[in-house]
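Engineer: coordinates for the following, if possible.
(one chain, ligands or ions: 3)
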Amino acid sequence: MTAPAAFDALGLLREIEGIGRDPRRGGYSRHVFDDAERTLRDWFVERATRLGLGVETDRNGNLWAWWGEPGPDAIVTGSHLDSVPGGGAHDGPLGVVSALDAVARLKGEGFAPARPLAIVVFAEEEGSRFGIACLGSRLLSGEIDPARAGALRDATGRSFADAARDAGLASFGRDDEALSRIGVFVELHVEQGKGLIDLDAPVAVASSILEHGRWRVDVRGQGNHAGTTEIADRRDPMLPAAAAITAARRAASRRSGARATIGRLEPIPGGTNVIASRVAAWMDVRASSEADTRAIVEEVAAEVAEAAAAEGCEASVVEESYSAEVRFDPVLRDRLAAALGGVPVLPTGAGHDAGVLSAHVPTAMLFVRNPSGVSHAPEEGADDAAVAAGVDALAQSIRELS
Ligand code: GLV
Ligand code: MN
Ligand code: MN
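Structural biologist: Ligands and ions are numbered 1, 2, ... in the order given. Okay, here's the model as predicted:
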């Protein structure tokens, strides 16, 4: 039986396709507590309520839509509605709309879950506004000190504490009650690579997430005039920043399966005819071991220090977040893969709230084929057949776990 049209995953994605479009970057910019993300939250509350679910917001700004009484030992599914700057339409929303579709379908079938069930929407999964990914699930599970979270600042200098207060969160931090309600968490997500294209399959179960973290590289020099300052007299922080970019590529290339990226660079003041006075660069490093991850960061830091000394600049490299490798619960992984007819099992290099929760509760992920293999960019996609297969797989997973 298919879900009522109002809860068809593709139809739900169409409903939100106009929200948070970014005309400058392309794709979507939906950042926690901004207008677009609040519109999406309201949309989710309306849709979940229409489905007969009871919606509440926890102390960390995560939304929970309950089928039946909240917890304990609940089956929880869901994802996030925020995006990276200029992101695609599916990273996050696909997990949310598929959950609504799967629950609508189960309700339509007259299915009565033997355990409570919730659809969750986690806050600030991408860390695009406050810099730390999976902030909602990290706060909930006590993986980040609330004082540290509160002091995080967005690009305008506004603190998370202030933004959270404006969003109606009186206090935030570890939420043992919310955590204790989760018996099992299954996050459906668009695949962010080509694994399912290569395997010619629509759906997979996740095995692991690469070790990953973020570092901030700061270089300070002397702001000056681009036309009048002799090359020999310059202390240009852009040169050590450029060294960081090439060093990151070199260091990652030397280690199998490793990745290092500088995708965000902020020269201050940022004028064409101005030698910058300082530059901030954010580096994302992922590898298959902590030793490799740390070695990459150390190599980059050493090259930046050398380039900074040569240019008369000062440099520092500071860790902003770190997540150990995740290996999803092998019993749950194999149980779901079997219940779904022996679908493939794939690793990923992308971080997820499921990765954070996996240290606390049995957790699994379902990946849905992305025909472009591209993610965190407007070209991200999910073909209709794969979306339908993903909803089937999620509904079947809920039946299996109930
Ligand atoms: C989130 O998508 C990440 O992997 O950074
Ligand atoms: Mn993402
Ligand atoms: Mn995501």
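
Engineer: so which bits of this protein are right by ligand 1?
Structural biologist: With the criterion set to Cβ under 6 Å from any ligand atom, the chain comes near ligand 1 through 126, 133, 350-351. The way it works is simple: take the backbone N, C-alpha and C, and place the C-beta from them, glycine included.

Engineer: want to throw the residues you listed into JSON lines with secondary structure, distance to ligand 3 and pLDDT?
Structural biologist: Putting the residues of the chain next to ligand 1 into JSON lines (DSSP: H, G, I helix; E, B strand; the rest coil; distance: Cβ to the ion, whole Å; pLDDT from 0 to 100) gives the following:
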{"residue": "126", "secondary structure": "coil", "distance to ligand 3": "7", "pLDDT": "98"}
{"residue": "133", "secondary structure": "coil", "distance to ligand 3": "9", "pLDDT": "98"}
{"residue": "350", "secondary structure": "coil", "distance to ligand 3": "7", "pLDDT": "98"}
{"residue": "351", "secondary structure": "coil", "distance to ligand 3": "8", "pLDDT": "98"}
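
Engineer: highest neighbour count among those residues?
Structural biologist: Top of the residues of the chain next to ligand 1 by neighbour number is residue 133, holding 26 neighbours under the definition other Cβ atoms under 10 Å.

Engineer: how about it: what's its closest non-neighbour residue?
Structural biologist: Distance criterion Cβ to Cβ, 6 or more residues apart in numbering; nearest residue to residue 133, sequence neighbours excluded, is residue 127 at 3.6 Å.

Engineer: and residue 6, by the same measure?
Structural biologist: Spatial nearest neighbour of residue 6, chain neighbours left out: residue 50 (7.1 Å); criterion: Cβ to Cβ, 6+ apart.

Engineer: and that neighbour, how many neighbours?
Structural biologist: The number of residues packed near residue 50 is 13, by other Cβ under 10 Å.

Engineer: is it correct that it is in contact with residue 12?
Structural biologist: No: the pair formed by residue 50 and residue 12 falls short of the contact definition of Cβ atoms under 8 Å, at 11.3 Å.

Engineer: tell me the buried residues in the helix ranked longest in the chain?
Structural biologist: As assigned by DSSP state H, the longest helix anywhere in the chain is helix 290-311. By 16 or more other Cβ atoms under 10 Å, the buried positions in helix 290-311 come out as 292-297, 299-301, 303-305, 307-308, 311.

Engineer: ok, stretch 80-95 next?
Structural biologist: 80-95.

Engineer: quick one, what contacts residue 102?
Structural biologist: By Cβ atoms under 8 Å, 6 or more residues apart in numbering, the residues touching residue 102 are 3, 77, 391, 394-395, 398.
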